[in-house]
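K.L.:
sequence first, predicted coordinates after that:
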Amino acid sequence: MPGGRLTQQERQQIGLGLADGLAYAEIARRLDRPTSTITREVMRNGGPAAYRADLAHRATERRAHRRRQAAPRGAGAPEQAHGRDAEAVREFEETFTTVMMASGAPKMMARVMACLTLTDSGSLTAAELVELLQVSPASISKAITFLESQGMVRREQGERRRERYVVDDDVWYESMMASARSTAQVVEVARQGVGVLGPGTPAAVRLENVARFLDFVSESTARAAEQAREILRTKPGTPSGGTPDQR
């Protein structure tokens with residue numbers, strides 16, 4: 001399986017494959033590349049609907065040029081724990097950030113979330129985030145405030161009274177529950193609108209349909225999040241009641 005960076009010709013083949021509706025795995029098979037390479041390439045460059053081979057190639061060259069300029073002379077890549085490939089980690093962080101942006105997260109919030117998620121400790125201080133991401137403290141503060149509002153980050157008091165920002169196993173549960181609560185608020189407002197517009201009128205019927213749909217989604221999301229957390233927290237061989245299986 002070939003290694004190294006994608007060539008311009010390979011990017012053109014990716015573009016043609018996307019236009020033909022091929023899955024990432026099939027495009028990867030045809031190019032003899034890992035599926036993760038194709039996924040990362042597409043998501044980093046606009047997603048399947050907006051991917052353009054020539055633009056992607058130029059963007060990659062610009063990123064490589066910026067990295068060469070930013071790197072101090074004689075400085076190597078920072079040492080990674082557990083023998084990880086520093087370049088592979090950096091590229092995966094870019095992919096993770098891009099996917100979060102595609103799901104609706106603003107760029108800086110996505111970068112902070114990716115940075116926190118990919119640390120072994122699952123926590124960093126504002127100063128550490130500033131250093132890692134090379135941005136201003138104000139940018140970090142704004143990003144953390146947003147992520148907190150979405151239930152995706154929590155604060156802990158660290159050493160020397162420095163706050164640490166934490167992601168853990170409960171983060172995605174809390175985020176899903178926050179999303180369910182937000183959707184439930186839309187349901188409540190939509191049903192208020194039915195009364196204002198007059199039950200049975202076209203606009204009111206439309207709002208009622210919106211409310212019914214989102215009500216179902218909100219309840220289903222909350223129920224699924226609760227079930228998933230319970231299942232994933234149950235140790236193998238331990239019934240839901242919490243008593244280990246003695247068989």
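P.N.:
Good, I have the coordinates. Residues are numbered from 1 along each chain as shown.

K.L.:
for the chain, which helix is longest?
P.N.:
When the chain is parsed with DSSP state H, its longest helix is helix 202-233.

K.L.:
tell me, what residue is most central in the chain?
P.N.:
Among the residues of the chain, the one closest to the centroid is Met100, at 3.1 Å (C-alpha atoms, centre = their mean).

K.L.:
and the strand or helix carrying that one, how far from the chain's centre?
P.N.:
For Met100, the enclosing helix or strand under DSSP states H and E is helix 86-102. The chain centroid and the centroid of helix 86-102 are separated by 9 Å under C-alpha atoms, centre = their mean, to the nearest Å.

K.L.:
could you point out which element follows it?
P.N.:
The helix or strand immediately downstream of helix 86-102 is helix 107-117, counting by DSSP H and E.

K.L.:
list the contacts of that next one.
P.N.:
With contacts defined as C-beta atoms under 8 Å, 6 or more residues apart in numbering, helix 107-117 is touched by 93, 96-98, 100-101, 105, 122-124, 129, 132-133, 135, 139-140, 142-144, 146-147, 152-153, 165-167. C-beta: built from backbone N, CA, C; applies to glycine.

K.L.:
with stretch 167-185 instead?
P.N.:
Contacting residues not belonging to stretch 167-185 are listed as 113, 116-117, 122-123, 149-154, 214-215, 217-219, 221-222, 224-225, 228-229, 232 [C-beta under 8 Å, 6+ apart].

K.L.:
list buried residues within those residues.
P.N.:
113, 116, 123, 150-154, 214-215, 217-218, 221-222, 225, 229 (16 or more other C-beta atoms under 10 Å).

K.L.:
tell me which two in those residues are the farthest apart.
P.N.:
Distances among the buried ones among the contacts of stretch 167-185 were taken as C-beta to C-beta; the most separated pair is Ser123 and Asp215, at 36.3 Å.

K.L.:
count of residues packed around Cys159?
P.N.:
Not Cys; residue 159 is Glu. For Glu159, the number of neighbouring residues by other C-beta atoms under 10 Å comes to 7.

K.L.:
what pLDDT is listed against it?
P.N.:
Per-residue confidence at Glu159 stands at 74 (pLDDT).

K.L.:
for it, give its distance to Ser123.
P.N.:
With distances defined as C-beta to C-beta, to the nearest Å, the gap from Glu159 to Ser123 amounts to 12 Å.

K.L.:
give me the angle between the helix or strand where Glu131 lies and helix 107-117.
P.N.:
Glu131 is located in helix 126-133, with elements delineated by DSSP H and E. With axes from the mean of the first three to the mean of the last three C-alpha atoms, to 10 degrees defining the directions, helix 126-133 sits at 100 degrees from helix 107-117.

K.L.:
how close does Asp168 sit to Arg162?
P.N.:
Between Asp168 and Arg162 the distance, using C-beta to C-beta, works out to 18 Å.

K.L.:
nope, Ala126 is what I meant
P.N.:
Relative to Arg162, Ala126 is positioned 8 Å away (criterion: C-beta to C-beta).

K.L.:
between the two, which has more neighbouring residues?
P.N.:
Taking neighbours as other C-beta under 10 Å, Ala126 and Arg162 compare with Ala126 leading, 17 against 12.

K.L.:
spatially nearest residue to the more buried one (excluding sequence neighbours)?
P.N.:
Of all residues not flanking Ala126 in the chain, Ile140 sits nearest, at 5.1 Å (C-beta to C-beta, 6 or more residues apart in numbering).

K.L.:
and the one you found, what does it touch?
P.N.:
By C-beta under 8 Å, 6+ apart, the residues touching Ile140 are Val112, Ala126, Leu129, Val130, Leu133.

K.L.:
and with 7 Å instead?
P.N.:
By C-beta atoms under 7 Å, 6 or more residues apart in numbering, the contact list for Ile140 reads Val112, Ala126, Leu129, Val130.

K.L.:
who wins for most neighbours among those?
P.N.:
Neighbours were tallied for each of those (criterion: other C-beta under 10 Å), and the maximum of 31 neighbours falls on Val112.
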